[in-house]
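**Student:** Here is the input, now give the coordinates:
(one chain, ligands or ions: 1)
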Amino acid sequence: MAAPGKCLLVTGPPGVGKTTLIMRVFESLKTSNPNLEIQGFYTREIREGSERVGFEVVTLDGRKAPLASSSISTPESLRWPTVGKYKVDLASFESLALPELQVKEDADLFIIDEVGKMELYSSSFFPAVLKVLESNVPVLASIPVPKFGRDIPGVARLRNHPGATIFTLSPNNRDAVKEQIYRQLVDSLRKL
Ligand SMILES: Nc1ncnc2c1ncn2[C@@H]1O[C@H](COP(=O)(O)OP(=O)(O)OP(=O)(O)O)[C@@H](O)[C@H]1O
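**Tutor:** Predicted coordinates:
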């Protein structure tokens, strides 16, 4: 069994390689044991040419849902929360992310990329993350760096979680940190 409440948190400035690291760890684990039950999602940019026009969430088995868009202007989107120039589509996000965070009996690992400002606008998301942590299934998640020296409350709670280990990425350490995280997870996943 996993060490209780193990929670590996990857952080660092935008574009430093958090999603890349998490996906590489995921792929290495799946190669080591294709039977591992890994639940969760990652967030990626939607680009039109060189311009970033939004974000989408993607499950580890490849299902996608829009998270935010800079170009949407439907009547309902007028009421959506705004982060920078993006409108956050909480219904779309929740429809994909919340079922992924349901703790199933055979779950070996949760990947949550990321627990960020957009995602935390969902009032159901953070409670679901806490349930995952309480389940004692290991978690690999990403969190943003504090802005103006302060974390958003959900992020602060994760950082202060008793089982949390924080890895701050830089271009110099990200490959070594990837190996370190992979090793730690191999040690805690009984099927490997
Ligand atoms: N270890 C690496 N070696 C080479 N290129 C990398 C590495 N990690 C990330 N990159 C490149 O850097 C870019 C940003 O990476 P990524 O999306 O993983 O960053 P991020 O920290 O998740 O960003 P955000 O905070 O915006 O979500 C990508 O183009 C990716 O290919």
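
**Student:** How about residues contacting the lengthiest strand in the chain?
**Tutor:** Assignment by DSSP state E gives strand 38-48 as the longest strand of the chain. Identification of contacts with strand 38-48 by C-beta atoms under 8 Å, 6 or more residues apart in numbering yields 19, 22-23, 26, 29-30, 52-60, 66-67, 69, 96-97, 100-102, 104, 107-114, 116, 118-119. Glycine gets a C-beta too; all of them are placed from N, C-alpha and C.

**Student:** Just list the residues touching the residue of the chain found nearest the ligand, thanks.
**Tutor:** Nearest to the ligand in the chain, going by C-beta to the nearest ligand atom, is Gly17, at a distance of 2.8 Å. Contacts for Gly17 (C-beta under 8 Å, 6+ apart) come out as Leu169, Pro171, Arg174.

**Student:** The residues you listed also near the ligand: which ones?
**Tutor:** Restricting the contacts of Gly17 to those touching the ligand (C-beta under 6 Å from any ligand atom) yields Arg174.

**Student:** Quick check on the contacts of Gly17: which are buried?
**Tutor:** Neighbour-count burial (16 or more other C-beta atoms under 10 Å) is assigned, among the contacts of Gly17, to Leu169, Arg174.

**Student:** in this structure, which residue is closest to the centre?
**Tutor:** Residue closest to the mean C-alpha point of the chain, counted by C-alpha atoms, centre = their mean, is Asp113 at 1.5 Å.

**Student:** Leaving out sequence neighbours, find the closest residue to that one.
**Tutor:** Excluding the flanking residues, the one nearest Asp113 by C-beta to C-beta, 6 or more residues apart in numbering is Tyr42, at 3.9 Å.

**Student:** what's the pLDDT at Ala2?
**Tutor:** We have a pLDDT of 42 for Ala2.

**Student:** quick one on the thing from earlier: how much space between the residue nearest to Asp113 and Glu27?
**Tutor:** 12 Å (C-beta to C-beta, to the nearest Å).
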